[in-house]
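Undergrad: this one's structure only:
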Ligand SMILES: Nc1ncnc2c1ncn2[C@@H]1O[C@H](COP(=O)(O)OP(=O)(O)O)[C@@H](O)[C@H]1O
Ligand SMILES: [Mg+2]
């Protein structure tokens with residue numbers, strides 16, 4: 001349908017901003033009254049110039065003259081021109097107010113969309129977010145939301161222009177109905193074919209959204225991998241690939257921009273030709289005042305019709321951008337991370353996995369019939385080869401993934417009956433990729449617990465053999481770690497990530513290969529400290545090195561899709 005995009009935008013806008021839209025209507029009505037008044041001024045003005053005696057004034061002028069005489073205003077050049085100028089100025093003031101109101105609607109709409117996006121993305125389940133592409137999200141926040149803003153402006157403008165158009169055509173209609181009707185029909189005949197361009201505009205919009213997503217995805221990936229690209233000497237190839245994507249995107253932008261000029265550049269001349277032909281057919285000097293009124297109406301109507309048509313095209317072009325945002329919001333809302341369930345405060349006895357099966361898709365179950373207990377204030381280690389499913393176990397325990405079958409208990413409560421956010425509030429996590437933020441060491445640690453002061457942070461760093469390297473850095477705790485922590489060594493990053501988890505004063509501490517890049521001497525210090533900590537913290541330790549299980553109370557080996565407990569007597573000789 002030709003107007004589908006426009007109707008979609010109108011519905012979404014009125015839904016979100018009913019009050020602002022009502023105020024816009026109010027402003028448009030007032031402006032329309034002034035536009036009418038400008039007619040009331042221009043027709044007698046023209047009559048007066050042609051015939052200062054006003055002997056053969058037309059009906060409209062006579063009406064105005066009667067108003068003038070009622071208020072005892074003299075009929076002269078000054079009174080007519082003052083009336084005209086006042087109406088024009090007031091129309092402009094209201095046009096400015098309408099513009100301001102439209103942009104306020106645009107701004108509010110963009111902010112409310114961003115709010116919906118942030119709350120749907122940041123509060124939805126990891127198992128769903130996992131499938132979202134970073135490029136798509138970045139594209140939405142940087143470009144697509146702007147496009148939606150433009151489409152919103154176009155929608156509100158169409159809305160207000162239709163009102164104005166009605167007035168611009170209504171007065172000429174009063175002056176000469178037949179002539180005005182002919183012109184309106186001619187406008188429709190010229191205008192409707194342009195609407196068929198909106199299907200094309202929509203296809204261009206779809207392609208642009210798709211290419212913008214993947215271009216931004218590739219660009220951000222290349223930037224993240226810049227060291228790798230240099231190391232593999234693949235700069236030239238990366239440049240070629242990125243540039244070719246940018247060129248494709250720019251070509252689509254060019255098409256969209258050209259589309260936005262087609263109507264203003266062709267409709268206006270065509271409409272003027274039509275009007276002049278009609279004028280030419282019926283011209284006579286006596287009709288000049290009447291023509292001035294009609295021409296004034298057409299002079300206002302032509303740009304309005306042109307803008308309406310062009311804005312319909314714009315909404316079609318930006319429709320795919322909005323559709324994508326709408327889909328992301330709705331998809332995320334289908335997978336909300338709920339606030340429901342019993343609040344978790346601390347572990348009383350154990351976390352228990354009962355007959356747990358898990359695979360990312362049903363055919364490929366790689367955790368099979370898993371039955372195990374993680375006891376309170378113990379160190380429980382999981383060992384196994386790369387890719388066997390160790391990190392996945394953490395995702396299951398944190399409720400980031402849900403088992404295909406089987407149950408996970410925290411004490412006697414099934415995980416699905418516990419508020420997951422309250423579990424995560426009590427967990428300190430050191431992920432396999434330490435992922436530091438581009439700020440100082442101190443702020444990275446305080447991110448987990450803003451209440452900690454420098455002394456408390458240094459105390460934690462001291463326990464995990466990190467104080468020395470931090471204090472010997474030029475700015476100490478205020479040293480910047482660089483993007484993703486890349487100014488630090490791998491082991492240093494891991495130490496800060498561990499300090500961040502400890503800063504939370506967790507009830508359960510989860511370490512995913514947390515010490516894999518840390519030297520043997522430091523690892524020993526840290527492991528001893530963790531043993532001390534396990535007097536009051538439950539520690540889950542994931543590792544592929546049996547050496548890191550030395551202080552564990554329980555060790556599970558992941559083999560043949562299931563976890564087997566290995567007794568101390570069995571694994572100690574392996575050390
Ligand atoms: N998001 C994902 N989607 C699909 N498969 C995944 C995903 N994450 C991990 N896998 C697969 O699940 C298996 C277990 O991964 P993981 O638990 O990370 O192993 P590891 O024991 O090395 O920590 C691997 O075969 C991996 O390819
Ligand atoms: Mg892993």
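TA: Yep, it's here. Note that the structure is predicted; figures quoted are calculated from it, not measured. Numbering: from 1, shown residues only. Ligands and ions are numbered 1, 2, ... in the order given.
Undergrad: buried stuff in stretch 380-387?
TA: Neighbour-count burial for stretch 380-387 flags 380, 381, 382, 383, 384 (criterion: 16 or more other C-beta atoms under 10 Å). Backbone N, C-alpha and C define where each C-beta goes, glycine included.
Undergrad: hang on, the second one in a helix?
TA: What it means is residue 381. No. Residue 381 is assigned strand when assessed by DSSP: H, G, I helix; E, B strand; the rest coil, not a helix.
Undergrad: And the pLDDT for it?
TA: Here the pLDDT value assigned to residue 381 is 93.
Undergrad: Repeat that for the last one.
TA: pLDDT, the model's per-residue confidence, is 86 for residue 384.
Undergrad: how close does it get to residue 81?
TA: Computed as C-beta to C-beta, to the nearest Å, the residue 384 to residue 81 distance reads 91 Å.
Undergrad: Could you list every helix and strand that the helix or strand harbouring residue 92 packs against?
TA: Per DSSP states H and E, residue 92 falls inside helix 77-122. With contacts taken as 3 or more C-beta pairs under 8 Å, 6 or more residues apart in numbering; DSSP states H and E, helix 77-122 sits against helix 4-16, helix 18-50, helix 145-175, helix 288-334.
Undergrad: Would you tell me which of those gets closest to residue 498?
TA: Nearest of the helices and strands packed on helix 77-122 to residue 498, taken as C-beta to C-beta: helix 288-334 at 31.5 Å.
Undergrad: Could you check the angle whichever strand or helix holds residue 355 makes with strand 379-383?
TA: Using DSSP H and E, the element containing residue 355 is strand 350-358. Here strand 350-358 points in a direction 20 degrees away from that of strand 379-383 (axes from the mean of the first three to the mean of the last three C-alpha atoms, to 10 degrees).
Undergrad: Contacts made by strand 350-358 with the rest, please.
TA: Strand 350-358 is touched from outside by 365-376, 389, 392, 396-397, 401, 403-411, 508, 538, with contacts defined as C-beta atoms under 8 Å, 6 or more residues apart in numbering.
Undergrad: From those, list just the buried residues.
TA: Buried members of the contacts of strand 350-358, counted by 16+ other C-beta under 10 Å: 365, 367-368, 370, 372-374, 376, 389, 392, 396-397, 401, 403, 406, 408-410, 508, 538.
Undergrad: if we can go back for a sec, what's the average pLDDT for the helix or strand following the helix holding residue 92?
TA: Using DSSP H and E, the helix or strand that follows helix 77-122 in sequence is helix 126-129. Averaging pLDDT along helix 126-129 gives 89.
Undergrad: Can you pull the residues of the protein lying near ligand 2?
TA: 390, 391, 432 (C-beta under 5 Å from the ion).
Undergrad: ok, and the most crowded of these?
TA: Ranked by neighbour count (other C-beta atoms under 10 Å), the residues of the chain next to ligand 2 have residue 390 at the top, with 23 neighbours.
Undergrad: Settle this for me: that one is touching residue 510, isn't it.
TA: No. Counting by C-beta atoms under 8 Å, residue 390 does not reach residue 510; the two are 11.2 Å apart.
Undergrad: Residues that sit against both of these two, list them.
TA: By C-beta under 8 Å, 6+ apart, the residues touching both residue 390 and residue 510 are residue 542.
Undergrad: returning to what we had before: and the buried ones among the contacts of strand 350-358, which of them are in helices?
TA: Those of those mapping onto helices are 392, 396, 397, per DSSP state H.
Undergrad: Show me which of these is closest to ligand 1.
TA: Nearest to ligand 1 among those is residue 392, at 3.5 Å by C-beta to the nearest ligand atom.
Undergrad: Can you tell me how far the residue in the stretch 251-400 of the chain positioned nearest to ligand 2 is from residue 542?
TA: Nearest to ligand 2 in the stretch 251-400 of the chain, going by C-beta to the ion, is residue 391, at a distance of 3.2 Å. Going from residue 391 to residue 542 by C-beta to C-beta gives 7 Å.
Undergrad: Then residue 531?
TA: For residue 531, the distance to residue 542 equals 17 Å [C-beta to C-beta].
Undergrad: So if I had to pick from these two, which one is more boxed in?
TA: residue 542 (23 against 15).
Undergrad: Tell me what the more buried one is bridged to.
TA: For residue 542, the beta-bridge partners are residue 382, residue 512 (DSSP bridges).
Undergrad: ok, it to ligand 1 distance?
TA: Per C-beta to the nearest ligand atom, to the nearest Å, residue 542 is found 7 Å from ligand 1.
Undergrad: Quick check, that residue in contact with residue 393.
TA: Yes. The criterion here is C-beta under 8 Å, and residue 542 meets it with residue 393 at 7.3 Å.
Undergrad: any common contacting residues for the two?
TA: By C-beta under 8 Å, 6+ apart, residue 542 and residue 393 have these common neighbours: residue 382.
Undergrad: count of neighbours near residue 332?
TA: Based on other C-beta under 10 Å, the number of other residues close to residue 332 is 22.
Undergrad: That one is in contact with residue 128, isn't it?
TA: Yes. Between residue 332 and residue 128 there is a contact at 6.6 Å, judged by C-beta under 8 Å.
Undergrad: which residue does the stretch 1-150 of the chain bring closest to ligand 1?
TA: residue 130 (5.0 Å).
Undergrad: In contact with residue 376, which residues?
TA: By C-beta under 8 Å, 6+ apart, the neighbours of residue 376 are 347, 348, 349, 350, 538.
Undergrad: between the residues you listed, which has the most around it?
TA: Result: residue 538 is most packed of the contacts of residue 376 (other C-beta under 10 Å), 24 neighbours.
Undergrad: Number of residues surrounding residue 336?
TA: 14.
Undergrad: That one bridge partners, please.
TA: Counting by DSSP bridges, residue 336 forms beta bridges with residue 124.
Undergrad: Tell me who's in contact with it.
TA: Residue 336 is in contact with 123, 124, 125, counting by C-beta under 8 Å, 6+ apart.
Undergrad: and the gap between the second one and residue 397?
TA: Going from residue 124 to residue 397 by C-beta to C-beta gives 20 Å.
Undergrad: can you check the last one too?
TA: As for residue 125, its distance to residue 397 is 15 Å (criterion: C-beta to C-beta).
Undergrad: just to revisit the earlier point, make CSV out of the helices and strands packed on helix 77-122 and add mean pLDDT and distance to residue 195.
TA: Converted to CSV, the helices and strands packed on helix 77-122 look like this (pLDDT from 0 to 100; distance: least, C-beta to C-beta, whole Å):
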stretch, mean pLDDT, distance to residue 195
helix 4-16, 85, 10
helix 18-50, 82, 23
helix 145-175, 87, 12
helix 288-334, 87, 6
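Undergrad: okay, those helices in CSV with distance to residue 245 next?
TA: Shown next, in CSV, are the helices and strands packed on helix 77-122 (distance: least, C-beta to C-beta, whole Å):
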stretch, distance to residue 245
helix 4-16, 26
helix 18-50, 38
helix 145-175, 19
helix 288-334, 18
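Undergrad: how about those, which one is nearest residue 520?
TA: Of those, nearest to residue 520 by C-beta to C-beta is helix 288-334, at 44.4 Å.
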